[in-house]
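J.: this one's sequence-less:
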């Protein structure tokens, strides 16, 4: 491959990687910000700490709007906190916001703001004390709020319970999917029997059926079994092999020389022993791929738990995040929300990095004929 073509391919790969990693980077950045900076305009990537002299001492403050024209810092009757008023709207100790209206005000100080030397509204962290100071006197530096992560765990209330439910479902689904899919794939790839290929084609055809088509019948079946409100609908089905995983493992099983199976049969091994002691150990990369896909699908599943779970004690992490959005009356605290989301996806990223070599090997070798 020539230099320009190779450079173009690498540029496209790096560009695609940047596009996919950008949302995660913004989520992590938001998780490390105070609440007032999560929706600030213009947005900033890194959390900052602002300090100014307020109440006679230097302290951390919340920055407000810039004042870029001559104004007055005044108390308006009926308003608890001082406000910035246009200088031209205050006459004779009264604020005149509109024709025919005059509200008494107490001018605290003039603000000689301009476009080149603006002033800025600041308040303490509780918002109880406010002032207007020259914008140049407000200092700032990067300050990441790592404490948002433990606060996010507390904000999710039952985080340990959600984590335990999710891990139980992941383990059961991984075990059920790997065992059932490997067993069915062995039958379709290593055994000769009538109608094998047509039935395999029928199995692959089920991949074209979207989940919403079978969602209502499945719900009716689980309701008839009395499983609604339990974890069973979310893991029992994993012991019935899925078409995609069977296809993936079947292609890998076909790369293993049949001479190994024939030699084992001559030594007196049965089919299950050949499957368990010879074929499965040789298929570890493909099994890792299936296990990883299953783990990620179960860990991130939102629709299944939403349909079948009714008790909050049985919720998974995905439903816990959703519940976190609806609790409280003060609006969504996006910094804690993003911190909790980061904690939820970190195990998936860590697992992929640990199993990366086996995952890539399993994908690369699947379908190559020995």
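T.: Now that the structure is in, tell me what you want to look at. Please read all numbers here as calculations on a predicted model, not as lab measurements. Numbers count the residues shown, from 1 in each chain.
J.: Strands of the stretch 1-150 of the chain, start to end?
T.: Here the stretch 1-150 of the chain has its strands, by DSSP state E, counting those that start in this stretch, at 48-54, 57-67, 70-76, 83-86, 90-91, 94-95, 103-112, 119-123, 130-134, 139-142.
J.: Columns mean neighbour count on top of the ones you listed, output as TSV?
T.: (Glycine included, C-beta is placed from N, CA and C.) What follows is the strands of the stretch 1-150 of the chain, written out as TSV (neighbours: other Cβ atoms under 10 Å):
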stretch	mean neighbour count
strand 48-54	17
strand 57-67	15
strand 70-76	18
strand 83-86	17
strand 90-91	14
strand 94-95	17
strand 103-112	14
strand 119-123	22
strand 130-134	19
strand 139-142	11
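J.: Can you add mean pLDDT and give those strands back as CSV?
T.: Output for those, formatted as CSV (pLDDT from 0 to 100):
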stretch, mean pLDDT
strand 48-54, 90
strand 57-67, 88
strand 70-76, 87
strand 83-86, 86
strand 90-91, 79
strand 94-95, 78
strand 103-112, 85
strand 119-123, 90
strand 130-134, 89
strand 139-142, 90
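J.: would JSON lines of those strands with distance to residue 220 be doable?
T.: Formatted as JSON lines, these follow (distance: least, Cβ to Cβ, whole Å):
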{"stretch": "strand 48-54", "distance to residue 220": "54"}
{"stretch": "strand 57-67", "distance to residue 220": "54"}
{"stretch": "strand 70-76", "distance to residue 220": "63"}
{"stretch": "strand 83-86", "distance to residue 220": "61"}
{"stretch": "strand 90-91", "distance to residue 220": "70"}
{"stretch": "strand 94-95", "distance to residue 220": "66"}
{"stretch": "strand 103-112", "distance to residue 220": "65"}
{"stretch": "strand 119-123", "distance to residue 220": "57"}
{"stretch": "strand 130-134", "distance to residue 220": "59"}
{"stretch": "strand 139-142", "distance to residue 220": "55"}
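J.: quick one: low-confidence parts of this structure?
T.: 1-2, 98-100, 327-330, 359, 361-370 (pLDDT under 70).
J.: May I ask you to name the longest helix in it?
T.: In the chain, assigned by DSSP state H, the helix with the most residues is helix 159-190.
J.: quick check: angle from whatever helix or strand comes next after it to helix 159-190?
T.: Downstream of helix 159-190, the first helix or strand assigned by DSSP states H and E is helix 196-205. Here helix 196-205 runs at an angle of 150 degrees relative to helix 159-190 (axes from the mean of the first three to the mean of the last three Cα atoms, to 10 degrees).
J.: that older thread, and the longest helix of the chain, what does it pack against?
T.: helix 196-205, helix 243-253, helix 284-300, helix 317-326 (3 or more Cβ pairs under 8 Å, 6 or more residues apart in numbering; DSSP states H and E).
J.: winner for burial among the ones you listed?
T.: helix 243-253 (a mean of 22; mean count of other Cβ atoms under 10 Å).
J.: how near is the residue lying farthest from the centre of the chain to residue 83?
T.: The outermost residue of the chain, judged against the average C-alpha position, is residue 92 (57.0 Å), by Cα atoms, centre = their mean. Going from residue 92 to residue 83 by Cβ to Cβ, to the nearest Å gives 18 Å.
J.: mind checking which of the helices and strands packed on helix 159-190 is nearest residue 308?
T.: Distance to residue 308, taken as Cβ to Cβ, is lowest for helix 317-326 among the helices and strands packed on helix 159-190, at 10.6 Å.
J.: residues contacting residue 301?
T.: Taking Cβ atoms under 8 Å, 6 or more residues apart in numbering as the criterion, residue 301 is in contact with 234, 316, 318.
J.: Against residue 161, how distant is it?
T.: Noted for residue 301: a distance of 17 Å to residue 161, by Cβ to Cβ.
J.: likewise residue 193?
T.: Taking Cβ to Cβ, one finds residue 193 at 47 Å from residue 161.
J.: quick one: which of the two has more around it?
T.: Remark: of residue 193 and residue 161, residue 161 carries more neighbours, 16 against 8, as counted by other Cβ atoms under 10 Å.
J.: what sits against the more buried one?
T.: Contacts of residue 161 (Cβ under 8 Å, 6+ apart): 313, 315.
J.: quick one: contacts for residue 200?
T.: Residue 200 touches 188, 250, counting by Cβ under 8 Å, 6+ apart.
J.: Which residue ranges make up the domains of the chain?
T.: Here the domain parsing of the chain from automatic domain parsing is 37-148, 156-365.
J.: I am finished for the moment; much appreciated.
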